[in-house]
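Give me a 3D structure for the following:
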Amino acid sequence: MQQAQLPLEAILYQYDLYPEAVEDHGENVKKLVTKHGLFALKKTQMTRSQADWFVYCMRKLDRLGYRKVVPLLPTKFGEYTLTDRDTSFYVMPWIESIPYNARESQEEKLADQLGVIHRLTVKTQPFSKEQLEASYNELRDRWDSRWLTMNRFADQAERKTYMSPYELTLLTHFSFLEHMAHTAKESLEAWYETCLEKEKYRSVLCHGRLSRAHAFFNERHEPLLFNFERAALDTPARDLASFFRHSFPHALWSEEEGHRWLYRYEQHLPLLEEEKRLLHAYLSFPDPVIYGIEAYQQQSGPPSEVKHVKRLEKRLLNLRRVERFSKSLLPTPAINESGLS
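Residues are numbered from 1 along each chain as shown. So this is what the prediction gives:
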């Protein structure tokens, strides 16, 4: 049985907010119209410990002098979140979207800010072989599990006398997907071996899911970031990979645009060779296609074969474009005197 959550009045009482009107904006955001201005109330799935970490990250950025975030507003008791079981609430100023018409893309501006955050928070971690090995094994095991999903689906399709158009499309491109998964694991292995050799690696404060959906742009076309709920200390490659995956569709998967984003980022924090290998690994693994397989298997109601086939074809095309971009992240093979690498 679902347990009741905190009533709206009880939440707003903590902020001394008594709205004249409340507007729903999606499932988890409410716009509060009050005599003292406009505010946004956000509901999110965070436990108490997760909410405390979220607030810590926001305050850390503030202490470091980083101001390009939408601030959290405290309750009258000085708390920045209210948590009820696994659900947390917080309040921010309401910010209206302004049409963006600057020469630079929104993603260039966001990549720039991601670089600033990473530069402010970068830290060379004390070497721990156990921790490094655990991180490597966790990602490798996750990819092995994800690939098993793909492999099982392909095996089941091959045993059928008559395959669906979706299954046929997937099997037609299976060798390419296998190549991408293998390439990702090779780059992951290279990252791991280099970190072992150097006996160090870098961590940064990662936003977790930065994209234009989690930023407002002001009248000067400068971004204000929000939704740090998935913030974590991790390698910069992880945050960049998430940013690229969420942002490439807005650039029509342009390889040139991707290079501009990386250039803007590296003006603040140039990536190490092993970090580029890890970014290459993240971008190469065919996760989007595997998510599509799961959606295809779990669909309810009348099958929509055409929709799923079109979505698969689009993801395959996008993955080939990402492959061209991500290859540029790898070091160029050395050429010896005989001209052979």
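
Per-residue confidence at Ser341, what does it come out as?
Reported pLDDT at Ser341 in the predicted model: 47.

One more: Gln5?
65.

likewise Arg152?
On pLDDT, Arg152 comes in at 97.

Could you check which helix or strand contains it?
Secondary structure here is read from DSSP states H and E; on that basis Arg152 sits in helix 129-158.

Okay, buried residues for that helix please.
Leu132, Ser135, Tyr136, Leu139, Arg140, Trp143, Arg146, Trp147, Met150, Phe153, Ala154, Ala157 (16 or more other C-beta atoms under 10 Å). In short, each C-beta sits where N, CA and C put it, glycine included.

does the last one really touch Phe174, like I thought?
This points to Ala157. No: applying C-beta atoms under 8 Å as the test, Ala157 and Phe174 come out as separate, 9.3 Å apart.

Contacts for stretch 115-129 next, please.
60-61, 64-66, 68, 131, 196, 199-205, 207, 236, 239, 264-269 (C-beta atoms under 8 Å, 6 or more residues apart in numbering).

Do me a favour and get the end-to-end distance for it?
From its first residue to its last, stretch 115-129 covers 27 Å (C-alpha to C-alpha, to the nearest Å).

Likewise for stretch 93-108?
End-to-end distance of stretch 93-108: 25 Å, with C-alpha to C-alpha as the criterion.

Endpoints of stretch 28-37, how far apart?
Start-to-end, stretch 28-37 (C-alpha to C-alpha) is 20 Å.

One more: stretch 17-24?
Taking C-alpha to C-alpha, stretch 17-24 runs 16 Å from one end to the other.

That one - what's its average pLDDT?
Mean predicted confidence for stretch 17-24 is 95.

Please identify the buried residues of it?
Applying 16+ other C-beta under 10 Å to stretch 17-24 flags Leu17, Pro19 as buried.

Show residues contacting that stretch.
In contact with stretch 17-24 (C-beta under 8 Å, 6+ apart) are residues Leu8, Leu12, Lys30, Lys31, Leu32, Val33, Thr34, Lys35, His36, Phe39, Val91.

Let me have the residues you listed in a markdown table, extended by secondary structure and neighbour count.
As requested, the contacts of stretch 17-24 are exported to a markdown table (DSSP: H, G, I helix; E, B strand; the rest coil; neighbours: other C-beta atoms under 10 Å):
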| residue | secondary structure | neighbour count |
| --- | --- | --- |
| Leu8 | helix | 15 |
| Leu12 | helix | 21 |
| Lys30 | strand | 21 |
| Lys31 | strand | 16 |
| Leu32 | strand | 22 |
| Val33 | strand | 13 |
| Thr34 | strand | 17 |
| Lys35 | coil | 8 |
| His36 | coil | 10 |
| Phe39 | strand | 19 |
| Val91 | strand | 24 |
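
would JSON lines of these with pLDDT be doable?
Formatted as JSON lines, those follow (pLDDT from 0 to 100):
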{"residue": "Leu8", "pLDDT": "93"}
{"residue": "Leu12", "pLDDT": "96"}
{"residue": "Lys30", "pLDDT": "97"}
{"residue": "Lys31", "pLDDT": "97"}
{"residue": "Leu32", "pLDDT": "97"}
{"residue": "Val33", "pLDDT": "97"}
{"residue": "Thr34", "pLDDT": "96"}
{"residue": "Lys35", "pLDDT": "94"}
{"residue": "His36", "pLDDT": "91"}
{"residue": "Phe39", "pLDDT": "98"}
{"residue": "Val91", "pLDDT": "98"}
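
Gly292: which of those is nearest?
Nearest to Gly292 among the contacts of stretch 17-24 is Lys30, at 32.9 Å by C-beta to C-beta.

ok, that closest one - contacts?
Leu8, Val22, Glu23, Asp24, Ala40, Leu41.

ok, whichever strand or helix holds the fourth one: who's next to it in the sheet?
In other words, Asp24. Per DSSP H and E: Asp24 is located in strand 21-25. Looking at strand 21-25 with DSSP bridges, its partner strands are strand 29-34 (antiparallel).

Where do the strands of this structure begin and end?
Here the chain has its strands, by DSSP state E, at 21-25, 29-34, 37-44, 82-84, 87-93, 123-125, 201-206, 215-217, 223-225, 232-234.

Output the ones you listed as JSON lines; include the columns distance to His280.
Putting those into JSON lines (distance: least, C-beta to C-beta, whole Å) gives the following:
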{"stretch": "strand 21-25", "distance to His280": "38"}
{"stretch": "strand 29-34", "distance to His280": "36"}
{"stretch": "strand 37-44", "distance to His280": "32"}
{"stretch": "strand 82-84", "distance to His280": "39"}
{"stretch": "strand 87-93", "distance to His280": "35"}
{"stretch": "strand 123-125", "distance to His280": "21"}
{"stretch": "strand 201-206", "distance to His280": "16"}
{"stretch": "strand 215-217", "distance to His280": "26"}
{"stretch": "strand 223-225", "distance to His280": "26"}
{"stretch": "strand 232-234", "distance to His280": "17"}
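
Perfect, that will be all.
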